[in-house]
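Enquirer: Mind looking at a prediction? Sequence and model below.
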Amino acid sequence: MYATSLGDDGAVLRPLEPWHADEFLANIDRGREFIGQHIALADIVSDLAASRAFLQAYADKAAKDTARIHGIWLDGELVGGVLFRTMDVPNGTAEAGCWLEPSAAGKGLVTRAARVLIDWAIEERGIHRIEWRVATENAPSIAVARRLGMTKEGVLREIAPYRGKRKDIEVWSVLAPEWRAAKR
């Protein structure tokens, strides 16, 4: 399958598919506590069957053109990923997200990978608006939104229960004309 280089550090982005279930589970296991601070992925991918089911659900959504998931490999090891949790091509909207294990944090991998995915969505799929939803206390993910040139639109107060507490979620976005202008 194809892989897109993310720079000269050995990082690549490529589709994350059901046959990667073992690798995906190992990635989540290495970062379960770190990843689980802010997103439910660490709770959802609890064993090999759940890992396979999660990736199969994304494969099914990709076939329907309603979501995408890509892994970030560093020196041949899956260390995280970026995804479109939702894609509504007819309406030109998508919600992007990410996860990363702690050993790969601070290297710019998510920002570089998200740039590739967002650029594809805007230029190839005609998406007009990309959203980035993030827990207010998730400073690293907020920093990614800023580096991607997104605008903070507001806070959805106590919108989602997570591990027994209601979370505030910030909504960031970038529009296709803004994305293209920033690339120039």
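Expert: All right, it came through fine. What you are looking at is a predicted structure, and each value in this text was computed from that prediction instead of being measured.
Enquirer: Would you mind writing the CA trace of stretch 50-65 as PDB?
Expert: The C-alpha coordinates for stretch 50-65 follow below in PDB (Å, rounded to 0.1, in the frame of the first residue of the first chain):
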ATOM      1  CA  ALA A  50     -12.000  -4.600  19.700                       C
ATOM      2  CA  SER A  51      -8.900  -3.300  17.700                       C
ATOM      3  CA  ARG A  52     -10.000  -5.300  14.600                       C
ATOM      4  CA  ALA A  53     -13.600  -4.100  15.000                       C
ATOM      5  CA  PHE A  54     -12.600  -0.500  15.300                       C
ATOM      6  CA  LEU A  55     -10.400  -0.600  12.200                       C
ATOM      7  CA  GLN A  56     -13.100  -2.600  10.300                       C
ATOM      8  CA  ALA A  57     -15.700   0.100  11.200                       C
ATOM      9  CA  TYR A  58     -13.300   2.700   9.700                       C
ATOM     10  CA  ALA A  59     -12.800   0.600   6.600                       C
ATOM     11  CA  ASP A  60     -16.500   0.400   6.200                       C
ATOM     12  CA  LYS A  61     -16.900   4.100   6.600                       C
ATOM     13  CA  ALA A  62     -14.000   4.700   4.100                       C
ATOM     14  CA  ALA A  63     -15.900   2.600   1.600                       C
ATOM     15  CA  LYS A  64     -18.900   4.800   2.100                       C
ATOM     16  CA  ASP A  65     -16.700   7.900   1.900                       C
END
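Enquirer: List the buried residues of it.
Expert: 50-52, 54-55, 58-59, 61-62 (16 or more other Cβ atoms under 10 Å). To be clear about C-beta, it is placed using only N, CA and C from the backbone, and glycine gets the same treatment.
Enquirer: Identify, from those residues, the entry nearest to Asn91.
Expert: Minimum distance to Asn91 across those is 15.9 Å, recorded for Lys61 (Cβ to Cβ).
Enquirer: thinking again about what came up before, need the buried residues of stretch 50-65 in TSV with distance to Ala121, can you?
Expert: Converted to TSV, these look like this (distance: Cβ to Cβ, whole Å):
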residue	distance to Ala121
Ala50	27
Ser51	25
Arg52	26
Phe54	21
Leu55	20
Tyr58	15
Ala59	18
Lys61	14
Ala62	13
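Enquirer: ok, Ala40 - contacts?
Expert: Tyr162 (Cβ atoms under 8 Å, 6 or more residues apart in numbering).
Enquirer: phi, psi of it?
Expert: Per-residue torsions, Ala40: phi -80, psi -10 (degrees, to the nearest 10).
Enquirer: cool, Ser51 as well?
Expert: phi -60, psi -50.
Enquirer: and it, how far is that from Ser173?
Expert: 30 Å (Cβ to Cβ, to the nearest Å).
Enquirer: Ok, Phe54 next?
Expert: When Phe54 is compared with Ser173 (using Cβ to Cβ), they lie 26 Å apart.
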